[in-house]
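Participant: generate coordinates for the sequence data below:
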Amino acid sequence: MNPETLIAELESHDFDYFMDSMLDEVSDGVDKRQGSIIYDTMAPAATLMAEQSLNMANIVRATYTQTAPGEFLDYRGPERGLARQTATAAQVSAKFLDSKGIPVSNVEIGDQFASVGEEPIFYQVTEVNEDLTGLLVAEETGTQANGYLGQILPVTPNDELSWAEILSVDVPAKDDETDDHFRDRLLSPDAYNAYGGNVADYADMLSRIESVGSGQIYPVWQGGGTVKLVILNNAKRAASPELVKQVKEQIDPPDAEGQGYGLAPIDHLVTVVAPTEVPISIETTITPDTSTTVESLKVAIEAGIESYFAQRREAWDDIDKVTGRGYSLTVYRSQILTEIMKVEGVINATLPVLNGAESDVKMTFTNDTSELPVVGEVTLNA
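Facilitator: Coordinates of the predicted model:
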């Protein structure tokens, strides 16, 4: 009997199971109908035993990594030297203007701002740039702040300030790692030991930097001792210059390159860059059912296509399964068609044309270029 079978058996031991088992031991000459004295006497015991059986099933479930939930799964992490990745805070760029639209110079590190709305997001200034824009960090963790751009209001008094606005989310936040994702990491086999600046070691370094969503490693890309890291943010998009700068500082500080003051070993010169985002245009002909139109289906179809591209970007840092080295990623026309056909109201659709060609699009991964697929123009013909 395996744990899953044992859990199923324990969960099947409900009130009726225990009540029927006990009543079977009672003589047939006794009234055993519901509401009888013997039935009512045994009912509390059957209820208690059913609850205990469920508790035992939960104990078995919590014992094994494959089935453990929540904090029970967290307790299995140290056995593999791992811990659940916790939520991070978004980092954003903002501008601060006076009544004439001129940048103000009196915004200081530590000043607090808040987004506009019924449930404001609070931010704190952590850096003021030479052009008087600022880097702000959300005071709450999680992905809510990733979706806010626009006006922010000063919480710290500032008489010179007339307008403040978030311009971009430079380092998107992430939510707490889910049970399923953490479980996959715990159960993944160790193909190589992370040691001494090998590829596995750099992959481990990037996985421990909370603001990095994925990373590719290109060893000896410009000769011995050189390493190139290509990184995505937590939204699985190309890292911003701010994130690239932060990761470079942690792994191989630019003012002490190769000296081992970061995570990289001594004599390793590490270059950190973002990939090139490649827009892929998509054209297809849609046959809608009689109750709708192509135009009314467009939003749902584009959402499905975007979902597929997001799935492909999740696999962006997967090792090439054929060679066991390097990376490989292809955007498939057939899989885009599958997403389109999932949309309610679509009866039929032609195989999409990608970037004007009737072929799949394979990303380029070399020492010089690393590409990331994003949705380009979507054309839906009727």
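
Participant: which secondary structure element is home to Thr379?
Facilitator: strand 371-381 (DSSP states H and E).

Participant: using CSV, write down the CA coordinates of that strand.
Facilitator: Listed in CSV are the C-alpha atoms of strand 371-381, where the atom choice follows Å, rounded to 0.1, in the frame of the first residue of the first chain:
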residue,chain,number,x,y,z
GLU,A,371,15.9,36.3,-27.5
LEU,A,372,12.6,36.4,-25.6
PRO,A,373,9.3,36.0,-27.4
VAL,A,374,6.5,38.5,-26.8
VAL,A,375,3.2,39.0,-28.5
GLY,A,376,3.3,41.4,-31.5
GLU,A,377,0.5,42.6,-33.7
VAL,A,378,-2.5,40.2,-33.8
THR,A,379,-4.5,40.2,-37.0
LEU,A,380,-7.8,38.3,-37.0
ASN,A,381,-9.4,37.9,-40.4
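
Participant: how about that strand: buried residues?
Facilitator: Along strand 371-381, the positions that meet the burial threshold by neighbour count (16 or more other Cβ atoms under 10 Å) are Glu371, Leu372, Pro373, Val374, Val375, Val378, Leu380. Using the backbone N, CA and C atoms, a C-beta is placed for each residue, glycine as well.

Participant: how close does the second one sit to Pro265?
Facilitator: With the distance defined as Cβ to Cβ, to the nearest Å, Leu372 ends up 28 Å from Pro265.

Participant: quick one: the helices in the stretch 201-350 of the chain?
Facilitator: Along the stretch 201-350 of the chain, the segments classed as helices by DSSP state H, counting those that start in this stretch run 241-251, 294-314, 333-341.

Participant: got TSV for those helices, with distance to Met22 and mean neighbour count too?
Facilitator: Rendered in TSV, the data for these read as follows (distance: least, Cβ to Cβ, whole Å; neighbours: other Cβ atoms under 10 Å):
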stretch	distance to Met22	mean neighbour count
helix 241-251	64	18
helix 294-314	52	16
helix 333-341	53	18
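
Participant: among those, which is nearest Thr284?
Facilitator: The stretch from the helices of the stretch 201-350 of the chain with the least distance to Thr284 (Cβ to Cβ) is helix 333-341; that distance is 6.6 Å.

Participant: how is this protein carved up into domains?
Facilitator: Dividing the chain into domains by automatic domain parsing, as the record does, gives the ranges 3-63, 91-171, 192-273, 277-381.

Participant: average pLDDT for the shortest one?
Facilitator: Read that as domain 3-63. In this model, domain 3-63 has a mean pLDDT of 91.

Participant: got the angle between the strand holding Thr379 and helix 333-341?
Facilitator: 50 degrees (axes from the mean of the first three to the mean of the last three Cα atoms, to 10 degrees).

Participant: let me have the helices of the stretch 201-350 of the chain in TSV, extended by mean pLDDT and distance to Asn193.
Facilitator: Supplementary listing: the helices of the stretch 201-350 of the chain in TSV, determined by pLDDT from 0 to 100; distance: least, Cβ to Cβ, whole Å:
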stretch	mean pLDDT	distance to Asn193
helix 241-251	96	19
helix 294-314	96	25
helix 333-341	97	35
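
Participant: right, so of these, which gets closest to Arg208?
Facilitator: Among these, helix 241-251 comes nearest to Arg208, with 9.4 Å by Cβ to Cβ.

Participant: list the contacts of that closest one.
Facilitator: The contact list for helix 241-251 (Cβ atoms under 8 Å, 6 or more residues apart in numbering) reads 91, 93, 135, 170-171, 205-206, 209, 211-212, 229, 231, 233, 239, 254, 262-264, 270, 272-274.

Participant: show me what the biggest strand by length in the chain is packed against.
Facilitator: In the chain, taking DSSP state E as the definition, the longest strand is strand 276-288. Under the contact criterion of 3 or more Cβ pairs under 8 Å, 6 or more residues apart in numbering; DSSP states H and E, the helices and strands touching strand 276-288 comprise helix 294-314, helix 333-341, strand 346-349, strand 353-354, strand 371-381.

Participant: would you turn those into TSV with distance to Glu9?
Facilitator: Conversion of those to TSV gives the following (distance: least, Cβ to Cβ, whole Å):
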stretch	distance to Glu9
helix 294-314	36
helix 333-341	38
strand 346-349	44
strand 353-354	51
strand 371-381	47
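
Participant: residues near the nearest residue to Gly376 once chain neighbours are set aside, how many?
Facilitator: Computed as Cβ to Cβ, 6 or more residues apart in numbering, the closest residue to Gly376 that is not its neighbour in sequence is Pro279, at 3.3 Å. By the criterion of other Cβ atoms under 10 Å, Pro279 has 11 neighbours.
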